[in-house]
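Asks: okay, sequence plus prediction incoming.
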Amino acid sequence: MSKPLTTARAFTLVELLVAISIVAILVTLGGVVYQNVSQQGRQAASASNLRQLALAGILYANEHDGRFFPYRDRGREGTTWWFGFESRASSGSAEGKRNLDKEGSPLYPYLAQVGGVEICPGFLYDKSIWKPKFDGASYGYGYNVLLGGGWMGVAQLGSLMRIDRPSQVALFATCAQVNTFQAPASPSNPLIEEFYAFDEREKTVHFRFGNHALVAFCDGRIERMPMEPGTRDENMPEADIGRIAPVGSDKYLR
């Protein structure tokens, strides 16, 4: 006697919708995992950059009687920033057209010793909200300007030998600035740009890694730090630019 034919059971509409929902959830979860892994990779690369910068700064200080390098030094031919040399002709150029010789940086020989530094992969160089100054000039990082003789570079330089707790004094950090005053930026069109230093007043630390900044201290230690409450630059709150200490405080600076 032949067996009766069996027919395949079709999915009901409800079962099909449930299956589609499960697939969608798995795809979403996979995307989140990928984003997290990608973010962790960028953060690790940035931490490595900061470690190299800190080591270069320490090497410089050790060869200069403990003194750190100036934030900038104006000369007859142009300005030597901590991250490179800019000619006098370049300084008068439009934003984004300024030229820089990275080998003219006081840190350059020491960066070469420790293996060099790459542009921070977490910075928004490819986004429409970015306004260029120099292309990747400071790699996306800023220098503790209180150690570098102030904004003009003419005050007394900080001394590594005189820092009581180098593990608590920041040397470099992930930095940026909200620009509202130089075209193409404006009050109604704020843009992010590289910024090269941080101090006790300006909001220039960039919390680009999950609302955290990376900070290199004077002993070479790297720390992931949250924004100090109430210090966010409200000209562009979504940019996550602010401070690691209250405005007016020299905590982590001296």
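Replies: It's in. Residues are numbered from 1 along each chain as shown.

Asks: so how far is residue 59 from residue 114?
Replies: From residue 114 over to residue 59 the distance is 7 Å, taken as C-beta to C-beta, to the nearest Å. Any C-beta I mention is one placed from the backbone N, CA and C, and that applies to glycine too.

Asks: quick one: residue 120 is in a helix?
Replies: No. If the criterion is DSSP: H, G, I helix; E, B strand; the rest coil, then residue 120 is coil and not within a helix.

Asks: that one: neighbour count?
Replies: Residues lying near residue 120 (other C-beta atoms under 10 Å) number 27.

Asks: got the contact list for it?
Replies: When contacts are counted by C-beta atoms under 8 Å, 6 or more residues apart in numbering, residue 120 touches 45, 46, 49, 139, 140, 141, 174, 208.

Asks: which of those are buried?
Replies: Using 16 or more other C-beta atoms under 10 Å as the burial test, the contacts of residue 120 include 46, 49, 139, 140, 141, 174, 208 as buried.

Asks: in strands, which of those residues appear?
Replies: Mapping the buried ones among the contacts of residue 120 onto strands (DSSP state E) picks out 141, 174.

Asks: between the buried ones among the contacts of residue 120, which is closest to residue 90?
Replies: residue 139 (18.6 Å; C-beta to C-beta).

Asks: give me the pLDDT value at the closest residue to residue 138 other than its chain neighbours.
Replies: For residue 138, ignoring the flanking residues on the chain, the nearest one in space by C-beta to C-beta, 6 or more residues apart in numbering is residue 83 at 4.3 Å. The score at residue 83 is 94. That number is its pLDDT.

Asks: could we number from 548 for the rest of this?
Replies: Shifting the count to begin at 548 puts that one at residue 630.

Asks: so which residues of the stretch 698-801 of the chain form strands?
Replies: Applying DSSP state E, counting those that start in this stretch to the stretch 698-801 of the chain gives strands spanning 717-721, 724-726, 738-740, 744-745, 752-753, 759-764, 769-773, 788-789.

Asks: so which of those strands is the most surrounded?
Replies: The highest mean neighbour count among the strands of the stretch 698-801 of the chain, using mean count of other C-beta atoms under 10 Å, belongs to strand 752-753: a mean of 30.

Asks: which strands and helices sit next to that strand?
Replies: strand 717-721, strand 759-764, strand 788-789 (3 or more C-beta pairs under 8 Å, 6 or more residues apart in numbering; DSSP states H and E).

Asks: closest one to residue 737 among the ones you listed?
Replies: strand 788-789 (10.2 Å).

Asks: what strands line up against that closest one, and which way round?
Replies: According to DSSP bridges, strand 788-789 forms sheet pairs with strand 752-753 (antiparallel).

Asks: ok so, going back, can you give me the neighbour number for the residue nearest to residue 685?
Replies: The local packing of residue 630 (other C-beta under 10 Å) involves 28 other residues.

Asks: ok, it - contacts?
Replies: Residue 630 is in contact with 647, 649, 652, 654, 684, 685, 686, 743, counting by C-beta under 8 Å, 6+ apart.
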